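Undergrad: Structure for this input, please:
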Amino acid sequence: MKYDCIVIGGGASGVMAALSVRRHFPEYKILILEKEYQLLRKVLASGNGRCNLSNRNIKADNYFSLQAGKSSKQKFLQTAFNIFSYPDTVEFFCNLGIPLRLDQSDRAYPYSEQASSVVLTLTQALITAKIDVLLQAKVSSIKSADGFLSLAAEPCITVKQKQHFTYLTSAETYQCKKLIVACGSKAAENLGGTDSGYQLLAEYAAISELRPGLVPLNLLMDQKAKILVGQRFKGSAKLIDNNTLLAETSGEFLFVENGLSGIAAMELARFLPQADQANQNIIVELDFAPDYQLSEIEELLFNRQKILDKQKEDCSAVGIVKAKISDYLVQRAGSINNLTKLMKSTSFKVNGSKGFPAAQITAGGVCLSQIRMPSLALKSQPNIYLCGELIDIDGKTGGFNLQWAWTSGFIAGQLHDSI
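TA: Numbering: from 1, shown residues only. Predicted coordinates:
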């Protein structure tokens, strides 16, 4: 079966790429091959079901690259965002009937704040654009011959659900003139995360180290710390390796079983040393009251003790932190002076992260030096285009990663001649 363009992957970047191809090439025959039983699974789960589509403050400084230097990364991203950025995203979704709204942190959501409405609308857009979609179709190889790219696809056995599209039931071969690879990354295996894209591209491009990004930290927690599980707090944190500051962040944290999650904590994981470089001295240092100085906390605690007529040895931080967090800190402190210090600096040893299964994104991917700009085509094979997480670009939380999916998908779908 021959197509003008095939897109491997039906996530955010793949769906955007297919719609972009249709916009730029109305006469093209287009196919999406998706190995899962439904499209856009990660989009459906994004933003805790509210779908954080983008962020008004889209700029290169909010993104990372493991392999590229800062100037190369900045130039790469600036070129991309000059083509398709936040205002274009707003216009794109508004044209589909999905106006966006901003929260206080400039994160953009569909006005309905419902991820399922985004998935439904994008799915309908594919149907309206007459783009063929084949589900449970896992591409196992890409070969180039006689001016065409040949793809071997095998049925992927998963749980079938009622869909608008058909399923692959036997091995097939597909050919195309232009190919867009949008397989996503290893992150969130429960939502279809896989390393298949890296395997498909291994003979065509150099791929950097891969790390789980935006993932909870593993902490070494004693029995007393079990009381913290399930407790959320707003504060700040520093990641320290043998007295060297690796990174710091602030925002919302969540204690989980033997770990630390929440938006702010997950942003620290990408700065963990590689396994073969790590030592036993990595700690996360938490500040439960970043808006107050040490002396101010001390005054608050002493005044609290005085007003509540507590015994000298009895201390508490309830009212500044949640009750269970206060109970834990009091157990560690034993005195108001020590409690004051712990409010500003409580440390836990870090034992790596929760890994790819718990990660929202993957840091690393196809090296930027292997990709032509502004087309996002491979230098080694100019009829293969990349988008989304396969590329060595990842962003902070807050809509930046979905914006990269929309941006890179739109650019790849332009199918610019890169020779």
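Undergrad: domain assignment for the chain?
TA: Domain ranges of the chain: 2-211+359-412, 217-353, per automatic domain parsing.
Undergrad: Now the terminal residues of the last one, how far apart.
TA: The straight-line separation of the ends of domain 217-353 (Cα to Cα, to the nearest Å) is 4 Å.
Undergrad: Tell me how far it lies from the chain's centre.
TA: Distance of domain 217-353 from the chain centroid (Cα atoms, centre = their mean, to the nearest Å) equals 25 Å.
Undergrad: How about the longest one?
TA: What separates the centre of domain 2-211+359-412 from the centre of its chain is 13 Å, taken as Cα atoms, centre = their mean.
Undergrad: which element is residue 301 on?
TA: Taking DSSP states H and E as the criterion, residue 301 maps to helix 294-307.
Undergrad: How many residues are close by residue 148?
TA: When counting by other Cβ atoms under 10 Å, one arrives at 17 neighbours for residue 148. (Glycine included, C-beta is placed from N, CA and C.)
Undergrad: Against residue 175, how distant is it?
TA: Plainly put, residue 148 is 4 Å away from residue 175 if you go by Cβ to Cβ, to the nearest Å.
Undergrad: what touches both of the two?
TA: Any residue near both residue 148 and residue 175 by Cβ atoms under 8 Å, 6 or more residues apart in numbering counts here, and that gives residue 2.
Undergrad: most neighbours per residue, which of the domains of the chain?
TA: A comparison of the domains of the chain by mean neighbour count, using mean count of other Cβ atoms under 10 Å, puts domain 2-211+359-412 on top with a mean of 20.
Undergrad: got the CA coordinates for the helix holding residue 301 in PDB?
TA: Extracted as PDB, the C-alpha positions of helix 294-307 are listed here (Å, rounded to 0.1, in the frame of the first residue of the first chain):
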ATOM      1  CA  LEU A 294      15.200  31.600  59.700                       C
ATOM      2  CA  SER A 295      14.800  34.300  62.400                       C
ATOM      3  CA  GLU A 296      11.200  35.000  61.400                       C
ATOM      4  CA  ILE A 297      10.300  31.300  61.600                       C
ATOM      5  CA  GLU A 298      11.900  31.200  65.100                       C
ATOM      6  CA  GLU A 299       9.900  34.100  66.200                       C
ATOM      7  CA  LEU A 300       6.700  32.600  64.900                       C
ATOM      8  CA  LEU A 301       7.300  29.300  66.700                       C
ATOM      9  CA  PHE A 302       8.200  31.000  70.000                       C
ATOM     10  CA  ASN A 303       5.100  33.300  69.800                       C
ATOM     11  CA  ARG A 304       3.000  30.200  69.000                       C
ATOM     12  CA  GLN A 305       4.300  28.400  72.100                       C
ATOM     13  CA  LYS A 306       3.700  31.500  74.300                       C
ATOM     14  CA  ILE A 307       0.200  32.100  73.000                       C
END
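Undergrad: State which strand of this structure is the longest.
TA: Ordering each strand of the chain by length in residues (DSSP state E) puts strand 244-256 first.
Undergrad: Now do it: which elements does it pack against?
TA: The contact analysis (3 or more Cβ pairs under 8 Å, 6 or more residues apart in numbering; DSSP states H and E) places strand 244-256 against strand 232-241, strand 259-261, helix 263-266.
Undergrad: 7 Å instead, please
TA: Here strand 244-256 touches strand 232-241, helix 263-266, going by 3 or more Cβ pairs under 7 Å, 6 or more residues apart in numbering; DSSP states H and E.
Undergrad: In the sheet, which strands lie alongside that strand, parallel or antiparallel?
TA: Its sheet considered, strand 244-256 pairs with strand 232-241 (antiparallel), strand 259-261 (antiparallel) by DSSP bridges.
Undergrad: could you give me the average pLDDT of it?
TA: Mean pLDDT, strand 244-256: 96.
Undergrad: contact partners of that strand?
TA: 216, 228-240, 260-265, 267-268, 271, 290 (Cβ atoms under 7 Å, 6 or more residues apart in numbering).
Undergrad: do stretch 409-419 as well
TA: Outside stretch 409-419, the residues that touch it by Cβ under 7 Å, 6+ apart are 5, 12-14, 16-21, 24-25, 80, 83-84, 178, 180, 182, 372, 374-377, 382, 385-388.
Undergrad: ok, and the helix or strand in this protein with the lowest average confidence?
TA: helix 294-307 (a mean of 87; mean pLDDT, DSSP states H and E).
Undergrad: and the next element down the chain from that helix?
TA: As assigned by DSSP H and E, the chain's next helix or strand after helix 294-307 is helix 323-333.
Undergrad: which strands and helices sit next to that following helix?
TA: Using 3+ Cβ pairs under 7 Å, 6+ apart, the elements in contact with helix 323-333 are helix 336-344.
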